[in-house]
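Participant: Everything below, folded, please.
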Amino acid sequence: MAIETEPVGSVPRSPELQAAMVAHAEGSISAEVLDEMFDEAVADTVARFEATGSPVVSDGEQTKSSFATYPLDGLRTLSADGVVIPFDDGHTRQLPVITDGPFQYQNHAGSYVERTRKFTQRPIKQAVISASAMSLLYPASGIDGYSQEQFRIDLIEQAAHDIRSCLDAGAASVQVDFTEARLALKLDPSGGLLQQFIDLNNEVFSRFSADELQRIGVHTCPGGDHDSAHSLDIDYAGLIPQLLTLDAGRFFMQMASEADPEKSLKLIGERLQPHQSVYIGVIDVCDEQVESVETVRSRVLTAAEHIPIAQLGTTDDCGYSPFSDDVATSRDTAFAKIAARVEGTQMAADQLGV
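Facilitator: So this is what the prediction gives:
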């Protein structure tokens, strides 16, 4: 496909898998039984990705508790009273905080690539959480004997190791989920918090070569959860100039749900650097209506008016059901939307003659 297309990350889990994850947490089923169900879920997810014609597949984050908390599964030095994130529909998500150091990831995302490889020969994409999101785990009150600066040093090492584990496992594309970028502007309209986040993530990216950075991307969106968002009201114009100073080679950017996408596309085209590619969201994951292939084609053609085709790709606005308890979207709906993205992108490429 002349215009590349990739998924963002999560795909809705089946009701059976969701129930099994709860049962395991409650001690009702064994880890071995759950692991077998994980294999079945990943195999089915990969097969359904391939059936859409998707040139790049993922595990759909079937085995993660959530896109944000997988490094913490099994960590005992946690308290539940972290940052609260409010969504437009009134529900909230709350991050934990650590209570002791040194900070270490309990799980690295390369293991998900290894599991996925058992079921496909296609290029694999793996999403990882950003260092900036993990930086919110340090409590405002501090930790005796474990400074915030030491936490930052440890965090950079762990986040770089997480990305490295995916590359070493053979991931063709590694996506750093930076959904807190737009939220940072909501919390601090001056842009200071966003710049802190960007500086931290760039320290992680500094551990990789120029060639490796071409396989590493950053995803930004207003936060999709239960068909709601946490920062869709924040103007992209305040984010894009700073976002594109990240030292990644790829950017996966929500756009289908934007009120004025052309304004943002024009700004991206003006700021995009020659070594960067941008994958524009052409599927609104918070809308249960499946887009037509003609709608996707139109969105791609609009993006191509502002962004060089050689630097243009397509994606979904966000992951589907990024938390394991999200049941707003069915698997069938998600894969129908993915199929529309793949076919609509090809239609646009054919019309553009590329």
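
Participant: residue ranges with poor pLDDT in the stretch 101-250 of the chain?
Facilitator: Applying pLDDT under 70 to the stretch 101-250 of the chain flags residues 224-231.

Participant: Which residue ranges of it form helices?
Facilitator: For the stretch 101-250 of the chain, the helices defined by DSSP state H, counting those that start in this stretch cover 110-117, 131-134, 148-168, 180-187, 192-205, 210-213, 240-243.

Participant: show me the contacts for His219.
Facilitator: Residues in contact with His219 (Cβ atoms under 8 Å, 6 or more residues apart in numbering) are 8-9, 127, 175-179, 251-253, 315, 318. In this view, the C-beta of every residue, glycine as well, is placed from N, C-alpha and C.

Participant: about what we covered before: which of the helices of the stretch 101-250 of the chain sits most buried?
Facilitator: For the helices of the stretch 101-250 of the chain, the largest average neighbour count (mean count of other Cβ atoms under 10 Å) is found in helix 131-134, namely a mean of 25.

Participant: Other residues contacting stretch 204-217?
Facilitator: Here stretch 204-217 makes contact (Cβ under 8 Å, 6+ apart) with 131, 156, 159-160, 163-164, 167, 171-176, 246-252, 275, 279.

Participant: For Ala140, find the nearest of the helices of the stretch 101-250 of the chain.
Facilitator: helix 148-168 (9.6 Å; Cβ to Cβ).

Participant: tell me, what residue is most central in this structure?
Facilitator: Asp177 (3.8 Å; Cα atoms, centre = their mean).

Participant: which residues pair with that residue across the strands?
Facilitator: Ile129, His219 (DSSP bridges).

Participant: so how far is Arg299 from it?
Facilitator: Computed as Cβ to Cβ, to the nearest Å, the Asp177 to Arg299 distance reads 22 Å.

Participant: same thing with Gln242?
Facilitator: Per Cβ to Cβ, Gln242 is found 25 Å from Arg299.

Participant: how about stretch 74-88: buried residues?
Facilitator: By neighbour count on 16 or more other Cβ atoms under 10 Å, the buried set for stretch 74-88 is Leu75, Thr77, Leu78, Gly82, Val83, Ile85, Phe87, Asp88.

Participant: shouldn't the fourth one be in contact with Arg93?
Facilitator: No - taking Cβ atoms under 8 Å as the definition, Gly82 is not a contact partner of Arg93, at 9.9 Å.

Participant: dump the residue contacts of Ala336.
Facilitator: Residues in contact with Ala336, defined by Cβ under 8 Å, 6+ apart, are Val290.

Participant: So it versus Ser321, what's the distance?
Facilitator: Ala336 is 15 Å from Ser321, by Cβ to Cβ.

Participant: For Val57, find the nearest of the helices of the stretch 101-250 of the chain.
Facilitator: Of all the helices of the stretch 101-250 of the chain, the one in closest proximity to Val57, counting by Cβ to Cβ, is helix 110-117 (7.3 Å).

Participant: and that closest one with helix 148-168, angle?
Facilitator: Here helix 110-117 runs at an angle of 20 degrees relative to helix 148-168 (axes from the mean of the first three to the mean of the last three Cα atoms, to 10 degrees).

Participant: ok, and what's touching helix 110-117?
Facilitator: Here helix 110-117 makes contact (Cβ under 8 Å, 6+ apart) with 38-39, 42, 46, 57-59, 61, 63-64, 124, 126, 162, 164-171.

Participant: Send over that helix as CSV, restricted to the C-alpha atoms.
Facilitator: This file holds the C-alpha atoms of helix 110-117, laid out as CSV (Å, rounded to 0.1, in the frame of the first residue of the first chain):
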residue,chain,number,x,y,z
GLY,A,110,8.6,-7.0,24.2
SER,A,111,6.9,-10.0,25.8
TYR,A,112,3.7,-9.0,24.0
VAL,A,113,5.5,-9.0,20.6
GLU,A,114,6.9,-12.4,21.3
ARG,A,115,3.4,-13.8,22.0
THR,A,116,2.0,-12.1,18.9
ARG,A,117,4.8,-13.5,16.6
